[in-house]
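**Student:** Got a predicted structure plus its sequence, pasted below:
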Amino acid sequence: MIYDIEYETMPREAMESIQLRRLQVTVERAWATVPFYRKKFGEAGVRPSDIKTLDDLKRLPFTTKQDLRDNYPFGMFAVPMDNVVRIHASSGTTGQPTVVGYTARDVQTWATLMARALVAGGASQGDIIHNAYGYGLFTGGLGAHYGAEKLGASVIPVSGGNTKRQIIIMRDFRPTIITATPSYTLHLAEVAEEMGVSFKDLSFRFGIFGAEPWSEKMREEIQKKLGLKAVDIYGLSEIIGPGVAIECHEAQKGLHIAEDHFIPEIINPQTGENLPCGDTGEIVFTSVTKEAFPIIRYRTRDITSINPEPCICGRTLARMSKVSGRTDDMLIIRGVNVFPSQIESVLMEMEEVEPHYQLVVERQGNLDTLTVMVEVGDLVFSDTVRPLQEMEQKISKNIKEYIGVSAKVKLVEPKTIARSEGKAVRVVDKRKL
């Protein structure tokens, strides 16, 4: 099933025509209503009338998260506050929060995109959706909620937290779709097991998981433990929220980008140079339908690639590969680039370990050291010390062979690593303390 057959299966030439027309309108509005963009375009020596082809998008300057922080709170809005019906913001844990606004039409656009995404992920009007994304300033919960209502499905607005209560609701209400972060979903499964409830005895058919990078091995673990098909969804508040891209449940091979609303580019994160389709780099988005908060060439910091080939599901929208990490999450350990998802892939190869881990980076003398803490099951940890040491050595060897960096592996007891109701904290970089 495809929610919006016209746009999701549109021929490439027709899609590019719509993108160009909407881009020209967006650039004109940004120039006319947002002083930041007028100044940046002027510094780059480009005016809205210069945008005659999609390739001319490259002439425009990038927008960064720091730009949004510098214009805190409402300096990037393109409409009067009288027209803004919704405000979301990032947590601001690493700096000034980034604030985004929505007009009534923006909210409807977002709801439609999320309905489109939910259908691609396996949902239909007859489903009951257990929405465990957080509600509030975070866009995840309300984005999924409005999309479910737009689709006509039943939505349970359970949010994050109250984990035991969630298990009871799952058992009693029999929801068929779950939306959450992958790390919190694994925590739900863990708590359910403690309560004597098996996810496989529940009614879930599909899970739509996002808000943090997760590996294919993590997908396999989730599908095995929960007895459902796990689909990856992508979005970020600065672009609109969840619904920017999603995998189809038929292929589970790349996330279909809503190209009629967001124009993607892949760039070299060091040089800013545009890269061809298929090359891996940082994905950049330009919104072309947002009213309150248009954003031009936004650097997401997410590492991925783009595949323009049509999919077996019938959609012609370009697909982005699963995000492997973020440039600001990338660790450089003795000259080697390391992403948490790479470590995760190695760990998930080991049946004895649990999908709960944390990377601790420290400076010893002039050298950086990496310690990988990973939980193992009760039976493994209750074994003698020597098998644990042998397992730690084996994992350390696998990491060295796969990534090319030495890491100390420390196996820890179950429940040792803190659980999160939202995004998992995968890296503790003590070099910054």
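**Tutor:** Cool, got the structure.

**Student:** how deep is residue 400 tucked in, by neighbour count?
**Tutor:** 13 (other C-beta atoms under 10 Å). For the C-beta atoms, the positions are set from N, CA and C on the backbone; glycine is no exception.

**Student:** Give the buried residues for the helix or strand hosting it.
**Tutor:** Here residue 400, judged by DSSP states H and E, is contained in helix 385-403. For helix 385-403, a neighbour-count test (16 or more other C-beta atoms under 10 Å) marks 388, 391, 392, 395, 396, 398, 399, 403 as buried.

**Student:** ok, the closest residue to the first one other than its chain neighbours - how many residues close by?
**Tutor:** Put plainly, it is residue 388. Nearest non-adjacent residue to residue 388, counting by C-beta to C-beta, 6 or more residues apart in numbering: residue 411, 5.4 Å away. By other C-beta under 10 Å, 22 other residues sit near residue 411.

**Student:** just residue 319 next, same as before
**Tutor:** Neighbourhood size, residue 319 [other C-beta under 10 Å]: 23.

**Student:** Which residue, other than its chain neighbours, is closest to it?
**Tutor:** With C-beta to C-beta, 6+ apart, the residue lying closest to residue 319 is residue 254, at 3.1 Å.

**Student:** In terms of pLDDT, where does that neighbour sit?
**Tutor:** At residue 254, the model reports a pLDDT of 98.

**Student:** Just give me the longest strand of the chain.
**Tutor:** Using DSSP state E, we find that the single longest strand of the chain is strand 353-364.

**Student:** What segments of the stretch 251-400 of the chain are strands?
**Tutor:** For the stretch 251-400 of the chain, strands defined by DSSP state E, counting those that start in this stretch occupy the ranges 255-257, 262-267, 281-287, 298-304, 306-307, 319-320, 325-326, 331-333, 336-338, 353-364, 367-376.

**Student:** Please name the strands paired to the longest one in the sheet, noting orientation.
**Tutor:** Here the strand partners of strand 353-364, with direction, are listed using DSSP bridges: strand 367-376 (antiparallel), strand 427-429 (parallel).

**Student:** same deal with the first one?
**Tutor:** The strands beside strand 255-257 in its sheet (DSSP bridges) come out as strand 241-247 (antiparallel), strand 319-320 (antiparallel).

**Student:** out of these, deepest packed?
**Tutor:** Ranked by mean neighbour count under mean count of other C-beta atoms under 10 Å, the strands paired with strand 255-257 are led by strand 241-247, which reaches a mean of 28.

**Student:** which regions of the stretch 51-200 of the chain lie under the pLDDT threshold?
**Tutor:** Along the stretch 51-200 of the chain, segments meeting pLDDT under 70 span 91-95.

**Student:** could you say what helices and strands the helix or strand harbouring residue 115 packs with?
**Tutor:** Here residue 115, judged by DSSP H and E, is contained in helix 104-120. Packing partners of helix 104-120 (3 or more C-beta pairs under 8 Å, 6 or more residues apart in numbering; DSSP states H and E): helix 139-151, strand 241-247.

**Student:** Next one: residue 194 relative to residue 278, how far apart?
**Tutor:** As judged by C-beta to C-beta, to the nearest Å, residue 194 and residue 278 stand 45 Å apart.

**Student:** likewise residue 314?
**Tutor:** 22 Å.

**Student:** which stretch among the strands paired with strand 255-257 comes nearest residue 69?
**Tutor:** Among the strands paired with strand 255-257, strand 241-247 comes nearest to residue 69, with 18.6 Å by C-beta to C-beta.

**Student:** ok and the closest one relative to helix 139-151, angle-wise?
**Tutor:** 70 degrees (axes from the mean of the first three to the mean of the last three C-alpha atoms, to 10 degrees).

**Student:** Now tell me what touches strand 241-247 from outside.
**Tutor:** The contact list for strand 241-247 (C-beta atoms under 8 Å, 6 or more residues apart in numbering) reads 88, 110, 113-114, 116-117, 120-121, 133, 139-140, 142-144, 147, 208, 210-211, 231-236, 253-258, 262, 285, 319-320.

**Student:** List the residue ranges of the stretch 301-433 of the chain that fall below the pLDDT cut-off.
**Tutor:** For the stretch 301-433 of the chain, the ranges with pLDDT under 70 are 366, 379-386, 432-433.

**Student:** which helix is the longest one in the chain?
**Tutor:** helix 12-33 (DSSP state H).

**Student:** next structured bit after it?
**Tutor:** Following helix 12-33 toward the C-terminus (DSSP H and E): helix 35-44.

**Student:** for the helix or strand just after that next one, which positions count as buried?
**Tutor:** Later in the chain than helix 35-44, the nearest helix or strand by DSSP H and E is helix 65-70. Across helix 65-70, burial judged by 16+ other C-beta under 10 Å covers 65, 67, 68, 69.

**Student:** Does helix 65-70 pack against any helices or strands, and if so which?
**Tutor:** By 3+ C-beta pairs under 8 Å, 6+ apart, helix 65-70 packs against no helix or strand.

**Student:** Walk me through the domains of the chain.
**Tutor:** Per automatic domain parsing, the structural domains of the chain span 7-324, 331-432.

**Student:** next one: the last one to chain centre, how far?
**Tutor:** Just to be clear, that refers to domain 331-432. Taking C-alpha atoms, centre = their mean, to the nearest Å, one finds the center of domain 331-432 at 22 Å from the center of the full chain.
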